[in-house]
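Undergrad: Sharing a model that was predicted from the sequence below.
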Amino acid sequence: MDETSTISLHDPSAAFTGARAFWQSGKTRPLGERLAALGRLESAISAETDGILGALAADLGKPGLEAWLAEVHFVLAEIRLFRRQLRRWSRPRRVGNPFFILPARSEIRREPHGVVLIAAPWNYPFQLSLSPLIAAIAGGNAVVLKPSEFAPKTAAILSKILSGVFEPGHVTVVCGGPETGAALLEQPFDFFFYTGGERVGRLYAAAAARQLAPVVLELGGKCPCLLTDEIDLDLAVPRIVSAKWFNAGQTCVAPDFVLVPESKREAFVAKTRSILEQVYGSGVPRDLAAIVNEFHYDRILGVCQGEVVTIGKDDPISRIIAPRILPKACWDDPAMREEIFGPVLPVVGYRDLDETLARLAALPAPLAIYAFSRDCAALERIAGAVRSGSVCFNDAVKQALNLALPFGGVGASGTGRYRGRAGFDSFTWTRAVTRRYWLKDFFLTLPPYGGTLAWMRRWMR
């Protein structure tokens, strides 16, 4: 297929019109066609793996292992899950009938929404473009995809791959900045899917409201990591370091800050520093992703105030920020006022768990909370006290890697779910279908009713 036929660089209206025409053709709906498209997409990604890794390195300085695990392998695993399960998920589900409509057959069917808009962020530009797209295609929709303008090389290879897999109109890639995004929001899409920040998320919610269309918002927030007294730092700290500094902290579910008993704070900081020195060295950190642009580079450094422990050296040219620990962070510090989204870890000491849980509960609900303890009752107490999109006990981020679990936020961290079966359910809607049979209808109600009400009240309990 001609690459340019599937890519609309600056014309959101034409992109929507083409997607609507393709949707109305009915070609998106046959189950066999959906499975075939997913198979072609899997083959294309496998063939282009080296190019994908190169694009992610050029855009974001991602280490090859991180890029392959989080972007390529994760997407391929989700495609394979859909290819195995889609027939079962798509099957109508039989339900019972009340006696007064018998004989009849009733079932619940999954139906596609229609024309879907997907807007992807820059931190995982390949995965977070294709994961919702896979679910949308599996559900039988036509898709307009807007990749992030901050990852142009990745957007280009996405366009190349998708143009070779899908017919024009089935998937349309629209590249551009905020003006393009705003123009897309003027189109009457049937479903909106956005991953990014709260400010722009509100624009997508408003656009969906104008169309009376459903919307999924995957936003973010400050994901807390809470340790109790009953904790083994030798086991906990490596897991926190791995989750926090993967992709240089530019992960929406990364631990944003750590709450640790005051009696263990110095030991936690020392252990964290020791591990960071071992894995990243004393110079410019090896195998640490770059910060996406100068704005975020300066923003992250700007929140590093007060006492700061720096491991290694920054590289402003490559936009690499050396890992930093804020060992004596307080609740009102600049780093605690907004999502950091970078390789900086505030450590807040606490003395009273109840007071700490109350403070966390008063904050906007994050995508995830992480609780570390050997006391199972304490873990459940923490989860019950603080609202969040997900919870992970004694580790961090692992819940987001499980395709059998739904992914999404609550409140300020988003609305709606996707990944695996949850994605198929989000990109389809449930349609109730009842079929009556041509037999005598003993419960037909037609005037005059006479004594029918008394009879019904007696027998229909």
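TA: Ah, there it is. Residues are numbered from 1 along each chain as shown.
Undergrad: buried sites along stretch 279-290?
TA: By neighbour count on 16 or more other C-beta atoms under 10 Å, the buried set for stretch 279-290 is 279, 280, 281, 285, 288, 289, 290. Any C-beta I mention is one placed from the backbone N, CA and C, and that applies to glycine too.
Undergrad: out of those, which one sits closest to residue 239?
TA: Distance to residue 239 across those (C-beta to C-beta) is lowest for residue 279, with 13.1 Å.
Undergrad: Give the residue spans of the protein that score low on pLDDT.
TA: 1-10 (pLDDT under 70).
Undergrad: Can you give me the domain assignment for this structure?
TA: The record, using automatic domain parsing to delimit domains, assigns the chain the ranges 3-219+411-433, 224-401.
Undergrad: Save those as JSON lines, and put in distance to residue 449 too.
TA: Shown next, in JSON lines, are the domains of the chain (distance: least, C-beta to C-beta, whole Å):
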{"stretch": "domain 3-219+411-433", "distance to residue 449": "15"}
{"stretch": "domain 224-401", "distance to residue 449": "50"}
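Undergrad: Could you list everything residue 116 pairs with in the sheet?
TA: residue 143, residue 191 (DSSP bridges).
Undergrad: What is the neighbour count of it?
TA: For residue 116, the count of nearby residues is 29 (other C-beta atoms under 10 Å).
Undergrad: Can you list which of the buried residues of stretch 279-290 are found in helices?
TA: Residues of these located in helices (DSSP state H): 279, 280.
Undergrad: Where do the helices of the stretch 351-461 of the chain begin and end?
TA: 353-362, 376-385, 420-426, 452-459 (DSSP state H, counting those that start in this stretch).
Undergrad: Does anything pack onto the second one? Which helices or strands?
TA: Spelled out, that is helix 376-385. helix 353-362, strand 368-372, strand 390-393 (3 or more C-beta pairs under 8 Å, 6 or more residues apart in numbering; DSSP states H and E).
Undergrad: Could you say which of the helices of the stretch 351-461 of the chain is packed most deeply?
TA: Most buried of those by mean neighbour count (mean count of other C-beta atoms under 10 Å) is helix 420-426; its value is a mean of 22.
Undergrad: Residues contacting it, please?
TA: 78, 81-82, 85-86, 89, 110, 131-132, 134-135, 138-139, 193, 216, 403-408, 416-418 (C-beta atoms under 8 Å, 6 or more residues apart in numbering).
Undergrad: Just the buried ones out of the residues you listed, please.
TA: 78, 81-82, 86, 89, 110, 131-132, 134-135, 138-139, 193, 216, 403, 406-408, 416-418.
Undergrad: Spit out the contact partners of the residue sitting nearest the centre point of the chain.
TA: For the chain, the residue whose C-alpha lies nearest the mean C-alpha position (C-alpha atoms, centre = their mean) is residue 218; its distance is 5.2 Å. Residues near residue 218 by C-beta under 8 Å, 6+ apart: 128, 193, 194, 195, 196, 252, 407, 408, 409, 414, 416, 418.
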